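[1] Model the structure of this input:
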Amino acid sequence: MVQIIERAMEKNPQDRFCDAAEMGLAFREIHRLDGKYRWIRMLSAVAVFLELVLLVGGIAMINAGSARIRQEQYNSYVQMLNDAQLEKNRGNYDQALQMTQQAQTMMDNRMEAYVEEAAVYYNQGVSTMDPTLRQEAFQSCVAQVHEILQGNFQGGSDAEWRKMYFVGAESCVELENYTLAQKWYRQAIECEPTENCYRGLICAYAFDQNMDEARSVLDEMEKAFPDADVQVSAELIQAELCCLEKDYAASIEHYWNFIGMTNEESLLRRGYMAAHNACLLGGDVFNLDKIAFLEEACQRVPSSLGIFKPLLANAYSLQAALDAEEQQKLWWEKALDAYEGIELVYLGLSDRLNMDQIRINLGHFDQAEADLQELVELYPEDYRIYKQLSGLYLIRFSQTNKTTYRTQAEEAYYKARDCYEKSSIVDESMVKFLSYWQQYVRD
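    Predicted structure coming up:
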């Protein structure tokens, strides 16, 4: 009876009785109709159920498909980062940078690609021979770390944060920004303490001449890593302390000990540079020690030849001036070998002028003249180039008595004088040079 009444009240007219006669028939044959109508209702319910099943299944399939796409995207992202690390380790930094930046576009809310980009900049700075590119690479690394810290990224593990802070701190040390280096080394230690982080922090305090903090960190490191060889860091602290006390001989001895105890490239590079600076502070008497440090640095830290080779060439040149006359040629030849072992693009103007002066001293006049003429094209207003050219032509005139060389010497002199007068530089060697020429003209 309830089913007959419900059918009569169906919303869709086609589902109702056609007329009163059909409804009357239904009442008369209620037992026969009951089973048929129940079957229709059951089919309707089954249809609704199937629609729900299909809807839920479709949503599940969409979610599964989306998850699969996300997983494939993440796998591609990880593979791109692995390829970038491989190119970085091979020294192909431009390709590595392109890959890290491509990974960032794939998943711009994750930090790993941004951290890897900072690491590529750091490695590029460590390995390049060009001082300008070196500085730019370290600055880019520091800027990248600042950008990461200001962003809102996902996926950063403690190891990833430690890596970011560590390469940023290492770059700060290279840029001599010891305050920021100390802060980032400390944060790296808080993320994931490692011996390298502690040693870096000790270096940052030692080079900043804060020996009390350096010793305090050394004690921390000994507690955190009881099996660590703390003597390496202790030697560095002692070397810097002796340097502060102006006991340069003792400082140099401790630097030799420090360098002899490690094979870690970053520590070696800093140790050799600090030892070089101690020799400079100690004066000319330590120039042979400086040469020994720099020669060994070129062997043990080949990725930093762009730093050490020009310094070595300058040390050889200085030793030529300090040593007996019969030894000068030997030192000049060593200096020239060191300079010529570096591509010209990695040499600054001062380095090239020094190299050409050595060529003049050794009688390699044609090579010196060719390079000085190239420098005139690059630096047409630098008086030092014309001064050196003038000296070269005077020597050639004195040897050959050809008036052409005397004329060229005079032209270079006047150009050097005019450029010097336009500059605001006070150069005692230039004053002596002008005085010499004035006397030469009078004579």
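[2] neighbouring contacts of whatever helix or strand Cys141 lives in?
    Using DSSP states H and E, Cys141 sits within helix 131-150. For helix 131-150, contacts defined as CB atoms under 8 Å, 6 or more residues apart in numbering pick out 111, 114-115, 117-119, 121-122, 124-125, 128, 164-165, 167-168, 171-172, 174-175, 177, 180, 184, 306-307, 346, 348. Using the backbone N, CA and C atoms, a C-beta is placed for each residue, glycine as well.
[3] any idea which helix or strand comes after the lowest-mean-pLDDT helix or strand in the chain?
    Ranking every helix and strand in the chain by mean pLDDT, DSSP states H and E puts helix 30-90 at the bottom, with a mean of 72. Next in sequence after helix 30-90, counting helices and strands by DSSP H and E, comes helix 93-106.
[4] Next, the angle from that following helix to helix 131-150.
    20 degrees (axes from the mean of the first three to the mean of the last three CA atoms, to 10 degrees).
[5] Buried residues in helix 93-106, which are they?
    Using 16 or more other CB atoms under 10 Å as the test for burial, helix 93-106 gives 93, 95-97, 99-100, 102-104.
[6] before we move on, what about stretch 341-353?
    Buried, per 16+ other CB under 10 Å, within stretch 341-353: 342, 346-347, 351-353.
[7] Could you do stretch 251-260 as well?
    Of the residues in stretch 251-260, those buried (16+ other CB under 10 Å) are 251-259.
[8] same thing with stretch 12-32?
    Buried residues in stretch 12-32 (16+ other CB under 10 Å): 17, 23, 26.
[9] I'd guess the first one is in a helix, am I close?
    No. Judged by DSSP: H, G, I helix; E, B strand; the rest coil, Phe17 forms no part of a helix; its state is coil.
[10] Model confidence score at it, please.
    At Phe17 the predicted local distance difference test score is 76.
[11] Kindly report the same for the last one.
    Each residue has a pLDDT score; the one for Ala26 is 76.
[12] distance of it from Glu265?
    96 Å (CB to CB, to the nearest Å).
[13] Next, format the buried residues of helix 93-106 as TSV and append pLDDT and distance to Val142.
    Shown next, in TSV, are the buried residues of helix 93-106 (pLDDT from 0 to 100; distance: CB to CB, whole Å):
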residue	pLDDT	distance to Val142
Tyr93	88	17
Gln95	91	22
Ala96	91	18
Leu97	92	16
Met99	92	21
Thr100	92	16
Gln102	91	23
Ala103	89	21
Gln104	88	18
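[14] Output these as TSV; include the columns distance to Cys242.
    Output for these, formatted as TSV (distance: CB to CB, whole Å):
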residue	distance to Cys242
Tyr93	38
Gln95	45
Ala96	41
Leu97	42
Met99	46
Thr100	43
Gln102	50
Ala103	47
Gln104	47
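[15] one step back: so for the helix holding Cys141, what gets flagged as buried?
    Here helix 131-150 shows 134, 137-142, 144-145, 148 as buried, counting by 16+ other CB under 10 Å.
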